[in-house]
Structures are given as structure tokens and as C-alpha cells.
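>>> Here is the input, now give the coordinates:
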Amino acid sequence: MKNEILICRLITGEDVIGYIDIKEFKDDKVIIIKKGFVIIPTQAAKGQPIQLMMTPYAPYSDGDIVEVTADKVISVTKPKEHIKQNYISNTSSIVRPQKQLITETGLPSLDKK
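Numbering: from 1, shown residues only. Purely as a prediction, here's the structure:
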């Protein structure tokens with residue numbers, strides 16, 4: 001479990017997704033969360049599907065690394081693939097193009113009309 005994208009459930013009830021690493025610090029284990037985001041389930045109306053929203057974890061800190069002692073973590077698990085991909089696209093500085101074929105009709109016109 002070294003720098004994998006994982007979800008940590010904290011004793012506060014928050015589910016935090018990020019690049020997770022574990023290190024020993026004195027006599028304790030520390031969970032290192034890089035680029036952590038809290039996963040918040042939302043529902044527009046009763047009967048509607050639940051959607052997931054992500055917001056930065058510890059947004060007022062200087063930097064994007066948070067260390068949490070292991071006794072504050074209830075569980076660590078791998079995210080579902082679509083959640084992982086959503087996290088990657090929201091935290092990446094590289095903009096990925098949509099998958100589509102480039103055709104003559106899809107090219108921009110240079111004519112000024």
C-alpha cells in the first residue's frame with residue numbers, strides 16, 4: 001500500500017480519497033494522505049439516484065499532504081473504478097480529451113464568412 005489511490009474512513013465519519021501511504025512515526029503508524037478529497041453523497045430529491053460530490057480535505061492547509069494517526073482510521077479500501085477515474089480527472093493538471101474520432105465534419109473551419 002504505497003501511494004495507491006484508496007479511500008480511508010475516519011472516526012469522524014468522513015470518507016477521504018487520495019494517494020495513501022503508511023509510515024512509522026516514533027511508536028505509532030501515520031497515514032499520509034496526498035491530494036485528499038472528502039466524498040460526500042448527495043441526493044437531489046427522494047427517489048432520485050445518489051450522486052457523489054468531492055471537496056478538498058483540509059482546504060485551509062498549506063500544501064496537499066495531511067498526516068493522520070492510524071488510530072483515527074476505521075478502514076482503508078480500494079475505490080470503485082468510476083470513482084477512482086473521477087478523482088484522477090479532478091486532481092490531474094493534465095486535461096484529457098474526450099474519446100472520439102476526428103473526421104472531416106469534426107474539424108473547425110478556417111473560412112471567415
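
>>> Could you point out the longest strand of this structure?
Assignment by DSSP state E gives strand 28-43 as the longest strand of the chain.

>>> what are the pairing partners of that one, and which direction each?
strand 15-25 (antiparallel), strand 50-56 (antiparallel), strand 65-69 (antiparallel) (DSSP bridges).

>>> deepest of those, which one?
strand 15-25 (a mean of 18; mean count of other Cβ atoms under 10 Å). Just so you know, the C-beta spots here come from the backbone N, C-alpha and C atoms, and that holds for glycine as well.

>>> Send me that strand as CSV with only the CA atoms.
Extracted in CSV, the C-alpha atoms of strand 15-25 (Å, rounded to 0.1, in the frame of the first residue of the first chain):
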residue,chain,number,x,y,z
ASP,A,15,-14.6,9.1,3.6
VAL,A,16,-11.4,10.6,2.2
ILE,A,17,-10.0,9.5,-1.1
GLY,A,18,-6.4,10.2,-2.1
TYR,A,19,-2.9,8.8,-2.6
ILE,A,20,-2.4,6.9,0.6
ASP,A,21,0.9,5.8,2.2
ILE,A,22,1.7,4.5,5.7
LYS,A,23,4.9,5.3,7.7
GLU,A,24,6.1,4.7,11.2
PHE,A,25,6.5,7.7,13.4
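
>>> Not counting that strand itself, show me its contacts.
Applying Cβ atoms under 8 Å, 6 or more residues apart in numbering, the contact partners of strand 15-25 are 1-10, 29-39, 54, 57, 67, 70, 76, 79, 83-84, 87.

>>> Any stretches of this protein with poor pLDDT?
Residues of the chain meeting the criterion pLDDT under 70: 1-2, 94-113.
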